[in-house]
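# here is the input, now give the coordinates:
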Amino acid sequence: MYFYELHEGADDVFAYLLLAREEEMPADVFFETVQAIRRRIQDAFEQDTLIEAIAEDLEREHDFIFISDRRLTAAANVSTEESENFLADLEADDDYADDEGYEDDLASGGFRTITAELIGDVSDLNN
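Take a look at the predicted model:
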């Protein structure tokens with residue numbers, strides 16, 4: 001099994017995802033394939049991110065396996081602190097995605113990410 005990664009974004013805000021393939025595809029061929037898909041779909045895709053759209057195309061047309069959260073069988077939180085070790089509830093996100101309110105939240109822009117870059121010394125925040 002061979003593994004590939006797609007990145008999207010710039011600076012400190014970015015997303016990435018993993019793909020797998022039984023047969024190796026040379027890195028330069030992988031890149032050219034990704035670029036061809038990107039050029040074809042970049043102005044019209046329905047997924048949340050461009051890399052998800054590319055990954056789905058790679059899966060559909062080029063024998064890749066898009067390793068998305070929906071494919072997870074189990075997820076474990078691991079920590080040196082005993083109380084912070086647990087088996088994650090994978091069904092919680094899927095249950096919410098099936099709720100009627102989920103689509104409304106997406107359509108209304110109900111989900112937001114806020115990032116901030118601190119300039120200067122963090123100790124200045126206490127003054």
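# CA only for contacts and neighbour counts going forward, please
Noted.
# ok, and the closest non-adjacent residue to I65?
Excluding the flanking residues, the one nearest I65 by C-alpha to C-alpha, 6 or more residues apart in numbering is A20, at 5.0 Å.
# partner strands of the helix or strand where that neighbour lies and their direction?
Per DSSP states H and E: A20 is located in strand 13-21. Here strand 13-21 is paired, per DSSP bridges, with strand 2-10 (antiparallel), strand 65-67 (antiparallel).
# how about those strands, which one is nearest D28?
strand 2-10 (12.0 Å; C-alpha to C-alpha).
# next up, the contacts around E23.
Neighbouring residues of E23 by C-alpha atoms under 8 Å, 6 or more residues apart in numbering: M1, Y2.
# and it, how far is that from Q47?
E23 is 26 Å from Q47, where distance means C-alpha to C-alpha, to the nearest Å.
# same question for N85.
Taken as C-alpha to C-alpha, the span from N85 to Q47 is 32 Å.
# among the strands paired with strand 13-21, which is the most enclosed?
Ranked by mean neighbour count under mean count of other C-alpha atoms under 10 Å, those are led by strand 65-67, which reaches a mean of 19.
# before we move on, back to that, quick one: which of the strands paired with strand 13-21 is nearest F30?
Closest among the strands paired with strand 13-21, once you apply C-alpha to C-alpha, is strand 2-10, at 8.6 Å.
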